[in-house]
Each structure stands twice: as C-alpha cells, then as structure tokens.
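A.B. asks: Everything below, folded, please.
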Amino acid sequence: MKIYNLLIIFLIALVSCGENKVVDQAAIDKQKIEDYLAEKQLDALSTTSGLYYIITEAGTGNKPGPEATVTVTYKGYLLDDRVFDQGDFYTGALPSLIKGWQEGIPLIAPGGKIRLIIPSALGYGNRAAGSIPPNSVLVFDVSLHYFSGK
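C.D. replies: Residues are numbered from 1 along each chain as shown. Next up, the predicted model:
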C-alpha cells in the first residue's frame, strides 16, 4: 500500500510540474510551409504525408522506383534561405535517404527538376543534423541525372 501511495504522489507531482503541452509538429510544419509558399508566391502540390513539391521539369523516360539508386545534383536550405548542404552528381540508394527524398524524387524522370518542401517528420524529425536544427522544415532543389535499379 505504501508503494501505491508513493506512486500516486509521484504522478500528481509530475502532472502538476508545469503545463503539459502536446505539440502537433505536423500542424506547425504545415503552417510554416504554407507561410513560406505564400511569401515566395509559389504554387505547390502536396501528398498525404505532408510533402510539398513543385516540378519545374518533368524529365523524360521512366521514373525511379522505391529501390532505385539515383544520381542527383541538389541544394538544401532552410525556410530562411540558409543553405546547409549542396552536391553535384551525388549518388545514393533511395531507401537510405530521408523520407522526403524517397517520396519526392520518384515524381520526376531523368532530366527532371523538382523543389521539395519537406516537413520535419520526413526529414530529420526532432533531431539536429549538422547545422540543421531539430524540427526543421527542409527545402531541396533537386535535379535527377539518372538512376539504376527499380
């Protein structure tokens, strides 16, 4: 009985130690993305996962499948236009890349160009990654050069 009483006291103390806020990061990211699109006067499509994208060139031929290895040129930046990474002719297997790339790159064919506006859940989530703060919405301009595999 003593342990039960101590547990109750602990739980009451825990609950009363300040506000318990439930953060809906997806809703926060969605609002940030919509504000960004409005500020930049961009018209983007979105997927059910929350990825926003703008295809500037569709490319030609087949599109990469979910297991493909892709070669791209890319520039990644935060919503304040601060560049955090870029690469020329980077090659990587889609399954090993962030979810926003896994979902977005297969929307174009070789020669295609796409802007991906990626909510934090499809990027690095609540973890920092290098100069990228936790819960960051990411923007990538990606050109698909070629791919192999399915």
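A.B. asks: just the strands in the chain please.
C.D. replies: For the chain, the strands defined by DSSP state E cover 45-46, 52-57, 69-78, 83-93, 113-118, 138-148.
A.B. asks: The first one packs against which elements?
C.D. replies: Judged by 3 or more C-beta pairs under 8 Å, 6 or more residues apart in numbering; DSSP states H and E, strand 45-46 is in contact with strand 52-57. For glycine as for every other residue, the C-beta is placed from the backbone atoms N, C-alpha and C.
A.B. asks: Pairing partners for the strand it packs on, with directions?
C.D. replies: Here strand 52-57 has these sheet partners by DSSP bridges: strand 45-46 (antiparallel), strand 113-118 (antiparallel).
A.B. asks: What residues of that strand count as buried?
C.D. replies: 52-53 (16 or more other C-beta atoms under 10 Å).
A.B. asks: orientation of it relative to strand 138-148 in degrees?
C.D. replies: In terms of direction (axes from the mean of the first three to the mean of the last three C-alpha atoms, to 10 degrees), strand 52-57 departs from strand 138-148 by 50 degrees.
A.B. asks: deepest of the strands of the chain, which one?
C.D. replies: Mean neighbours per residue, mean count of other C-beta atoms under 10 Å, is largest over these for strand 113-118, with a mean of 23.
A.B. asks: what angle sits between that strand and strand 69-78?
C.D. replies: Interaxial angle of strand 113-118 relative to strand 69-78 (the same axes, to 10 degrees): 60 degrees.
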